[in-house]
Structure formats: C-alpha cells, structure tokens
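Trainee: No sequence on hand, only this structure:
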Ligand code: HEC
C-alpha cells in the first residue's frame, strides 16, 4: 500500500504547485491556437499615456497616484463597488485601525462620504477652473493638503476639467485661462476673500509613502492585486499539503 499513498501525496503536491503557478501567472496563458485570452482589466493599474499627452492626460497619472485611492478609479467617489477592488483587509476604510475612529499615531480619519469628481453632479460648488484649482491646492490630497507641486495641481485640474467636458485639453491651464472655464453659474467664485495661494516647496515624495509601507499615505493601487493572488496560491498549497502530509506521516 506504500506506493499508492505516495502517489496520491505527490499528485496533490503537484496540484498545489500548479494552482500557485496559475494564480501567479494570473491567467496569462498562451492558448494552443496562439491567442492569449483577453486579460481582466485591472482597475487599479496606472493609466497609460497617449503618444502626445496633453496636460489633462498627464494629470490622469497624478490623479491615479494621489486621488484615486479615495475618489475612485473613474472619479466616481469612494463607492462600495470601488472599495471591492481593494484587498479584503483594505476594503473597510472606516474601521478602527484603518482610517476610522481610532487611527494610528500619525493616522487620519476619512469621512464617510468622498464625493465623485466626474459626472452630472460633480464639481458644481465651483464657479470656474481657477476656483477648482484653488480648492484642490488648499484641501487635497485630504490627508496631506497642499503638499503637491504647483504643476501637479494644475495637471490635476486639467484632468478633472477635461473628464467633465469643460475643457478640450488644448493649451496650458493657469490662473487666467482656468478662470474663463465656467463650471457652474451658482458656484463659488473664491474660497477666501483674499486668495493668496502659497504653493508647497516640499517634495511630495518625502511625504507620500505607499499604504502598504506606512499608514499615513496614499496607496499605490496596482501593488495590491498581485500580492493577494500569490498569497491565495500559497494558502491553497498549505491547506492541501499540510493535512495530507500529517495523515501520511502517521500512517507510514
Ligand atoms: C484620503 C482621501 C482623499 C484623497 C486622497 C483625496 N481626496 Fe478629495 N476629497 C476627500 C473628501 C473626504 C472630500 C470631501 C471634503 C469636504 O466636502 O469637505 C473631498 C473633496 C474633494 C473635492 C471637492 C468636491 C466637491 O464637489 O465638493 C475635490 C475637487 C477633490 N476632493 C479633489 C481631489 C484631488 C484632485 C485629489 C488628489 C490630489 C484628492 N481629492 C485626494 C477625500 C480625499
């Protein structure tokens, strides 16, 4: 009876390894007919740039890095659907220990509602592009307001204006050109009576570390997926191999 048991053991181990391998390769198999199957779109992946990117296109990458963790991959806001793109342990943003009531020493709490930045109702508080830029510069990213560079804030403004159809992306945005891009007739014309914007001279890289390395930070959303998949494979292998191993060791 020794041989069949050993055989079963090896078959199961091979199965486990196969599972890990298939999980790690994330379905990128090359089929016999030479065609690769359509990959699942990774909604947390960094956006790619067109050949001749305009200011708004470049802003899409700033948005992805600094804003999408809260405002969503499509700027739809922090919706339930968007949170499901995160690893399970990161899906409950308002939990204690995450960004809930009792944050870490340097932690910060996140409001229940993070508004959409694209769509019918979005950005209507702002009269024009210049006020929008002023708001973003003063208030965002929420946990480190004012910490990005001036050029980044303008690219972000360009991205949001273009996404909402207020701007065609031609030329450069600045305080004068952006003021002529009307968002909402009823929107506010300025955040403060005297608006003296002082841009940060800090390098944001020093302030912003990915979420999985610290807790006071913006997430690099693409790193989350592959780690989850590999962990799943390893768990599967352990779950299969350990009980079988113990059983066989006892019987041998
Ligand atoms: C940590 C989460 C978080 C991050 C990161 C973040 N925001 Fe926000 N954002 C919020 C919250 C919460 C509000 C609502 C604040 C309020 O109403 O006072 C908000 C509000 C806004 C608004 C106002 C929307 C409106 O219609 O009132 C804009 C514009 C905005 N954010 C842009 C950005 C941009 C651009 C970035 C990236 C540089 C960014 N946010 C990063 C959480 C975040």
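Mentor: Looks like it came in fine. This is a predicted model, so every value here is computed, not measured.

Trainee: What strand or helix carries residue 15?
Mentor: Residue 15 is part of helix 2-24 when elements are defined by DSSP states H and E.

Trainee: tell me the mean pLDDT over that helix?
Mentor: If you average the pLDDT over helix 2-24, you get 67.

Trainee: which element follows that helix toward the C-terminus?
Mentor: If you walk from helix 2-24 toward the C-terminus, the next helix or strand you reach (DSSP H and E) is helix 55-62.

Trainee: Show me what the helix or strand following that following helix is packed against.
Mentor: The helix or strand immediately downstream of helix 55-62 is helix 68-71, counting by DSSP H and E. Counting by 3 or more Cβ pairs under 8 Å, 6 or more residues apart in numbering; DSSP states H and E, no packing neighbours are recorded for helix 68-71 among the helices and strands. C-beta here means a position set from N, CA and C on the backbone, and glycine is covered the same way.

Trainee: from the middle of its chain, how far away would helix 68-71 be?
Mentor: On the basis of Cα atoms, centre = their mean, to the nearest Å, the separation between the geometric centre of helix 68-71 and that of its chain is 6 Å.

Trainee: and what of stretch 136-151?
Mentor: What separates the centre of stretch 136-151 from the centre of its chain is 17 Å, taken as Cα atoms, centre = their mean.

Trainee: ok but residue 136 is inside a helix, no?
Mentor: Yes: checked against DSSP: H, G, I helix; E, B strand; the rest coil, residue 136 lies within a helix.

Trainee: Helix or strand for residue 232, just tell me which one.
Mentor: Secondary-structure assignment from DSSP H and E places residue 232 in helix 223-251.

Trainee: Can you tell me how far whichever residue of the stretch 151-252 of the chain sits closest to the ligand is from residue 64?
Mentor: The nearest approach of the stretch 151-252 of the chain to the ligand comes at residue 156, 4.4 Å away (Cβ to the nearest ligand atom). Distance, residue 156 to residue 64, using Cβ to Cβ, to the nearest Å: 11 Å.

Trainee: and the two? which has more neighbours close in?
Mentor: Set side by side, residue 156 and residue 64 show unequal neighbour counts under other Cβ atoms under 10 Å, the larger going to residue 156 at 27 against 20.

Trainee: Excluding chain neighbours, what is closest to residue 78?
Mentor: Leaving out its chain neighbours, the residue that sits closest to residue 78 by Cβ to Cβ, 6 or more residues apart in numbering is residue 114, at 3.7 Å.

Trainee: Check what pLDDT that neighbour gets.
Mentor: Looking at residue 114, its pLDDT reads 95.

Trainee: Can you check the pLDDT for the nearest residue to residue 169 once chain neighbours are set aside?
Mentor: Leaving aside its sequence neighbours, residue 169 sits nearest to residue 54 (Cβ to Cβ, 6+ apart; 4.0 Å). Among the per-residue scores, residue 54 holds a pLDDT of 97.

Trainee: swap in residue 196?
Mentor: In this prediction residue 196 is given a pLDDT of 48.

Trainee: and the nearest residue to residue 122 once chain neighbours are set aside, backbone torsions?
Mentor: With Cβ to Cβ, 6+ apart as the criterion, residue 122 has its nearest non-adjacent residue at 5.0 Å, and that residue is residue 116. Here is the backbone geometry of residue 116 (degrees, to the nearest 10): phi -70, psi 150.
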